[in-house]
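Colleague: One predicted model, sequence on top.
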Amino acid sequence: MAQLMKAGGIVRMILFGFVVHGFAAQVPQQGPPSSEQSGAVRQNRALPAQLAGAQPALQSSGSSHARPEVELRRFSLASGASIEVSPEWIEREQMPLPPSPRLAPFAPRVTFLEFTALENPKMHSALRVATTTNPLLGGDEVALDVQMHSAAGSGRGLADYLFYFFFSPPRDCLDGGSEAYRKAKNRAEFPDQTVSPELSIRTYCKHAPTLAGFYSRELSPGVGYQFSNGVESASGIYPELYLAPMEKVEANGLTFYVFEAQSRSQLDLATVDHFNLPDEMQGTQADFFWAVGAPSPFPFFRDPQRKNVQVIQVAYAGLGLGPE
């Protein structure tokens with residue numbers, strides 16, 4: 001248990017591993033870096049070494065050069081972005097671009113262009129990396145912060161975003177839930193009705209004993225369909241979540257906005273056993289992060305010199321011991 005790294009630190013390490021080729025090299029040097037900037041540069045080189053091991057996030061004050069060098073793995077996207085991570089991260093089989101057709105009518109409007117799913121069995125963690133169209137044009141970081149802290153189930157908050165695009169329920173569960181909702185809706189509708197019926201159908205899923213299945217279940221054990229005031233919606237069945245304040249991270253010429261949702265529910269032994277997790281994971285909590293980034297400055301507004309800028313979306317799920 002003492003070997004668990006704080007998930008927030010891991011996410012920051014991952015973001016410092018991103019490079020957009022052809023851009024980072026063009027960022028001008030503006031004199032010698034300050035001590036804070038210099039620390040960030042050194043951290044950028046040392047962080048992947050921490051990711052590779054099971055060392056705690058906070059280490060003793062021994063000399064940093066004693067840390068072993070680690071050969072990194074690079075995962076590249078066709079857009080030109082790449083990320084370097086420790087060799088424990090492995091790529092899952094190719095997955096269809098999100099969202100699922102069953103969820104697409106209800107999900108926020110954004111087009112996914114590339115999607116890569118990575119897993120780290122040693123750290124019991126999952127990582128999703130994608131490039132998408134820019135859904136944030138016309139807004140600003142304040143509006144983004146407000147949106148991501150919207151209530152779970154509103155269709156636009158952080159939990160919903162993770163549910164629709166990154167840790168969705170199994171396909172067969174979505175199919176079964178959609179069919180159950182369709183049948184219930186047909187039974188509730190009569191030709192002489194003048195008022196639309198109110199309808200709510202929940203379907204709980206059976207999740208495979210995999211990391212993907214585990215984090216899908218911890219985010220939402222099922223899917224809920226609703227029909228109210230003539231409007232259909234579908235969202236997760238969420239546990240109580242702690243939403244941390246937004247964080248802004250600058251890394252290698254990129255600007256990321258980072259959001260966290262941590263489950264308040266602790267893992268019980270039955271869950272640990274079903275998903276083949278070590279017994280010492282009992283009592284931990286699932287911790288979810290989502291980050292959106294682009295070459296700085298972040299393209300909230302249309303720029304004639306930077307048209308059709310794609311954004312990087314990163315979702316990370318790990319286990320933690322409580323709010324950081």
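Modeller: Perfect, thanks for sending it.

Colleague: thought Phe166 was touching Ala291?
Modeller: No: here Phe166 does not reach Ala291: they are 11.3 Å apart, not a contact under C-beta atoms under 8 Å. The way it works is simple: take the backbone N, C-alpha and C, and place the C-beta from them, glycine included.

Colleague: After the helix or strand bottoming out on mean pLDDT in the chain, which helix or strand is next?
Modeller: When the helices and strands of the chain are compared on mean pLDDT, DSSP states H and E, helix 35-52 comes out lowest with a mean of 32. Later in the chain than helix 35-52, the nearest helix or strand by DSSP states H and E is strand 73-76.

Colleague: which secondary structure elements does that next one contact?
Modeller: Packing partners of strand 73-76 (3 or more C-beta pairs under 8 Å, 6 or more residues apart in numbering; DSSP states H and E): strand 81-85.

Colleague: helices or strands up against the strand it packs on?
Modeller: Where contact means 3+ C-beta pairs under 8 Å, 6+ apart, strand 81-85 is packed against strand 18-20, helix 35-52, strand 73-76, strand 125-132.

Colleague: pLDDT weak spots in the chain?
Modeller: Counting by pLDDT under 70, the ranges of the chain that qualify are 1-5, 21-70, 190-196, 322-324.

Colleague: burial count for Tyr237?
Modeller: Actually, residue 237 is Ile. It isn't Tyr. Residues contacting Ile237 under the criterion other C-beta atoms under 10 Å number 18.

Colleague: just to revisit the earlier point, anything in contact with each of Phe166 and Ala291?
Modeller: Shared contacts of Phe166 and Ala291, defined by C-beta atoms under 8 Å, 6 or more residues apart in numbering, are found at Ala315.

Colleague: Look at those two and report which has more neighbours.
Modeller: Using other C-beta under 10 Å as the criterion, Phe166 and Ala291 rank with Phe166 on top: 25 against 22.

Colleague: which ones are touching that one?
Modeller: 98, 128, 290, 315.

Colleague: Assign the third one to helix, strand or coil.
Modeller: Reducing the assignment to helix, strand or coil with DSSP: H, G, I helix; E, B strand; the rest coil, the entry for Trp290 is strand.

Colleague: since we're on it, how many residues are nearby?
Modeller: By other C-beta under 10 Å, the residues close to Trp290 number 23.
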